Structure formats: C-alpha cells, structure tokens
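In: turn this into a structure:
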Amino acid sequence: MSNTITLGVTDLSFHRVTASLVSHVLSDMGFEVERVYSPHQENFAKLKAGHIDLLSSAWLPSSHGVYKADVEQAESLLELGLHYQPYALWGVPDYVPEDAVSNVADLLKPEVIAKMKPDIQGINPGAGITRFSIKMMDEYGLNDAGYRFHPGTEEACFSAFEQAVANKQWLIVPLWKPQFLHHKYRIRELTEPKGLLGIVDRAVLLMRESQASRFSDAQLKTLDALRFDNEIIAMLDYQVCREGQPLDSVTRRWLDENA
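Out: Sure, this is the predicted structure:
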C-alpha cells in the first residue's frame, strides 16, 4: 500500500496553518503527505469521492455539518482532535463607540448609517460566514438600509478592514476566530440576538474510516490528541500572512517548541 496520505485543505490561510501542523505530525509518523487545496464545498466533495484521505479542518456542527452529512452518505468518517474552537462573528474596530454600535440592529440607526461604510466585504461563497452574513442582510433589513454584502477573496476582506482602520473609518467586518487580524487589531464583536451566526464549533480532522487501518492505534491516538487553540492559530497565521515567514517553518518551530 502506498505510504502517501492525501490531506485536503480548505484554501484559506488559517486552514493552511492548521494543515501544516497536521502535515508535520503525519510526516513524523513516516507518511508522505500531499496537500490538496480547494474551496470549502469542493474539499468535502473530494473527501466523499475518495480523492483525499483526510480533511483539515472541518468546523462542526454549525459551519460544515451539512457538508459532512453529505459525505457520510457515501463514507463513514472519524473525527480526530480539537484543533481549535472556531466561531463566526460580525465585528467593528474598537474605535467605533460601543454606545453607538453594540448590536447588529444598531446598524439601522440613522446616525450609524451616516458614518458606517455601506460595503461589507466577505470571503468566498461557500464559507459559513458568507452564508450566515447573506441571511443576516435579509433578516435585519440591511439591504433596505443601503448596506451591501460582497463575497470575495480572503485578501479583499482583510485589506478592506486594514485600509479602513488606517483611515479610522467605521466599517463592519464579517470575520471569525481564529484569524490573524485578531492578533494585531482590537475587533469588537457585535451582539447578534437572532442566532444567525451559528454556534461555537469544533475544528477537527476528518478521516475516511476506510483509511483508519493504515494507522496504528497509537498513531490514531496521537492525531486525536492534537490540541491547538484560536490564539495559537491566529498568531501563526499572522506570522505567515503579515510577517512573510515561511508557513512550514513557522509551524515546525511551534511544534518543536511546544512538543
């Protein structure tokens, strides 16, 4: 049997960080690891079809549960580890006064509409935060109030935030934890009483059950024991995305220092 493990990676920076950590662990077990980068839904489709053996990291049950359920129509899956505990959020820079904007509904205040940037820059359409945000635009009447949500790239979302902060402009950022912006900036989360942003998820490694026999019990226990957290992933993500450090070097160093 081939010693190659194919690891599906959702092609966003913090997923690449987590997958790099997992790749090192798999390599240390003696496997050759091939990383395959895809958007959210495509990643799960590849897992269902058997084009990848493992997926790092699935957000369950809220963001990716519907995709996992689809895969399990064809193949049973094992959930391993707890990479971090992610959740979606809408936030504003901390210089936006809390007494003006603390709740998503506050975005409808005339005095807030007058100051807030109307464009809300999101990421790709398959992401949980994108699905949640589109629903929020309707449920809160934000489209009628003149706001516009734009799906796009990671970099478009993050750059829009950084440029607005540089100009002390009011804006809404549809974001999540872990994400590298939290490592540098103070982003205040808005209260969202309708529960449209999902819940705190578990980020886990998904393995096709048919692949489990390739691992010893000790190796499966090692994968299941992997524990990072939101702050660790955000810090490593920042080192890669904004300090320009090589991804695999950053993650190898962290593992060696925290073994």
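
In: from now on I want contacts and neighbour counts done on CA atoms only, so please keep to that.
Out: Noted.

In: contacts only, for Phe142.
Out: I think there's a mix-up here, since residue 142 is Leu and not Phe. Leu107, Leu108, Met136, Arg148 (CA atoms under 8 Å, 6 or more residues apart in numbering).

In: any idea whether it is helix, strand or coil?
Out: Following DSSP: H, G, I helix; E, B strand; the rest coil, the label given to Leu142 is coil.

In: and it, how far from Ala234?
Out: 30 Å (CA to CA, to the nearest Å).

In: and if you look at Thr222?
Out: 23 Å.

In: which one of the two has more residues nearby?
Out: Ala234 (22 against 15; other CA atoms under 10 Å).

In: next up, identify which helix or strand that one is on.
Out: helix 230-241 (DSSP states H and E).

In: can you give the distance of that helix from its chain's centre?
Out: Counting by CA atoms, centre = their mean, to the nearest Å, helix 230-241 is centred 12 Å from the centre of its parent chain.

In: which residues are in contact with the lengthiest helix in the chain?
Out: For the chain, the helix that runs over the most residues, judged by DSSP state H, is helix 13-28. For helix 13-28, contacts defined as CA under 8 Å, 6+ apart pick out 7, 9-10, 32-33, 56-57, 83, 178-180, 223, 233-234, 236-237, 241, 247-248, 251-252, 255.

In: of those residues, buried ones?
Out: Neighbour-count burial (16 or more other CA atoms under 10 Å) applied to the contacts of helix 13-28 gives 7, 9-10, 32-33, 56-57, 83, 178-180, 223, 233-234, 236-237, 241, 247-248, 251-252.

In: these in strands, which ones?
Out: Per DSSP state E, strands hold the following members of the buried ones among the contacts of helix 13-28: Leu7, Val9, Thr10, Glu32, Val33, Ser56, Ser57, His83.

In: these: which two are farthest apart?
Out: Based on CA to CA, the longest span within those runs between Glu32 and His83 and measures 21.3 Å.

In: what is the helix or strand hosting Asp138 packed up against?
Out: Asp138 is part of helix 128-139, with elements assigned from DSSP H and E. In terms of contacts (3 or more CA pairs under 8 Å, 6 or more residues apart in numbering; DSSP states H and E), helix 128-139 is packed against strand 87-93, strand 148-150, strand 173-177.

In: dump the ones you listed to a markdown table, plus distance to Thr18.
Out: Formatted as a markdown table, those follow (distance: least, CA to CA, whole Å):
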| stretch | distance to Thr18 |
| --- | --- |
| strand 87-93 | 16 |
| strand 148-150 | 27 |
| strand 173-177 | 13 |
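
In: can you redo those strands as a markdown table with distance to His51, mean neighbour count and mean pLDDT?
Out: A markdown table is the format used below for the helices and strands packed on helix 128-139 (distance: least, CA to CA, whole Å; neighbours: other CA atoms under 10 Å; pLDDT from 0 to 100):
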| stretch | distance to His51 | mean neighbour count | mean pLDDT |
| --- | --- | --- | --- |
| strand 87-93 | 28 | 23 | 97 |
| strand 148-150 | 31 | 17 | 98 |
| strand 173-177 | 28 | 22 | 96 |
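
In: pLDDT weak spots in the chain?
Out: In the predicted model, the chain carries pLDDT under 70 at residues 1.

In: can you give the domain ranges for it?
Out: 4-85+201-257, 87-189 (automatic domain parsing).

In: which among those is found nearest to Gly195?
Out: domain 87-189 (9.6 Å).

In: kindly list the main-chain dihedrals of Gly81?
Out: Per-residue torsions, Gly81: phi 70, psi 180 (degrees, to the nearest 10).

In: quick one: contacts for Asp106?
Out: Applying CA under 8 Å, 6+ apart, the residues near Asp106 are Ala100, Val112.

In: so that it lines up with my notes, have the first residue be 37 from now on.
Out: Renumbered: residue one is now 37, and that last one reads Asp142.

In: doesn't it lie inside a helix?
Out: Yes. Under three-state DSSP, Asp142 sits within a helix.

In: contacting residues for the residue nearest to Ile165 when sequence neighbours are not counted?
Out: Among residues not flanking Ile165 along the chain, Ala124 sits closest, at 5.8 Å (CA to CA, 6 or more residues apart in numbering). Residues in contact with Ala124 (CA under 8 Å, 6+ apart) are Gly164, Ile165, Pro210, Leu211, Trp212, Lys213, Leu233, Gly234, Ile235, Val236.
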